[in-house]
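Chemist: kindly generate the corresponding structure for this input.
(one chain, ligands or ions: 2)
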Amino acid sequence: MERSLAELEAIVRNKICAVCTERTVAGNCGLEEPSSCALFRLFPEVAKAIRSVKSDDINQYIDAIRANVCSICTDRAADGSCETRQEVRCALDAYLIPVVDAIEEATGMSFDRTFLGAGAPVRIRPEIRL
Ligand code: SF4
Ligand code: SF4
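Modeler: Ligands and ions are numbered 1, 2, ... in the order given. Coordinates of the predicted model:
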């Protein structure tokens, strides 16, 4: 079933904000500027990047995010580094696997996460960061 962008964002917000460490006990985003969250500030590009990949390799999703989202993100430095990512303050980076999972579930796509081992962590492995 083809989901609209608004539907996809609602699904992802429901799943990711619920587990995000920035979420307050009242259920709101605890960021000083909630609109600065890269995951939702750039959600159209995030969704487009993930939907453009049809692979059983999670690394291809990571590459797509790096090329299509990080490349236009204001937090990215000229040399390609990202302080926000390094300080684990980018929800897109920190929760990439569940973000892909949520979009996979909503759109019927799938990827092989067996390389992550049993009980895949919520946070992406440091060695495969964006
Ligand atoms: S930082 Fe982003 S993912 Fe986390 S609660 Fe705020 S809006 Fe949701
Ligand atoms: S990792 Fe950095 S450059 Fe990429 S989306 Fe997150 S904040 Fe932006």
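Chemist: I'd guessed residue 38 sits against residue 84; true?
Modeler: Yes: using Cβ atoms under 8 Å, residue 38 is in contact with residue 84, at 7.0 Å. For every residue, glycine as well, the C-beta is placed using N, CA and C.
Chemist: which one of these two has more residues nearby?
Modeler: residue 38 (23 against 18; other Cβ atoms under 10 Å).
Chemist: that's a helix at residue 80, yeah?
Modeler: No: the assignment for residue 80, made by DSSP: H, G, I helix; E, B strand; the rest coil, is coil rather than a helix.
Chemist: check what contacts the top helix by length along the chain and list those residues.
Modeler: Under DSSP state H, the helix in the chain containing the largest number of residues is helix 5-19. The contact list for helix 5-19 (Cβ atoms under 8 Å, 6 or more residues apart in numbering) reads 3, 23, 29, 39-40, 43-44, 47, 91, 95, 98-99, 101-103, 105-107, 122.
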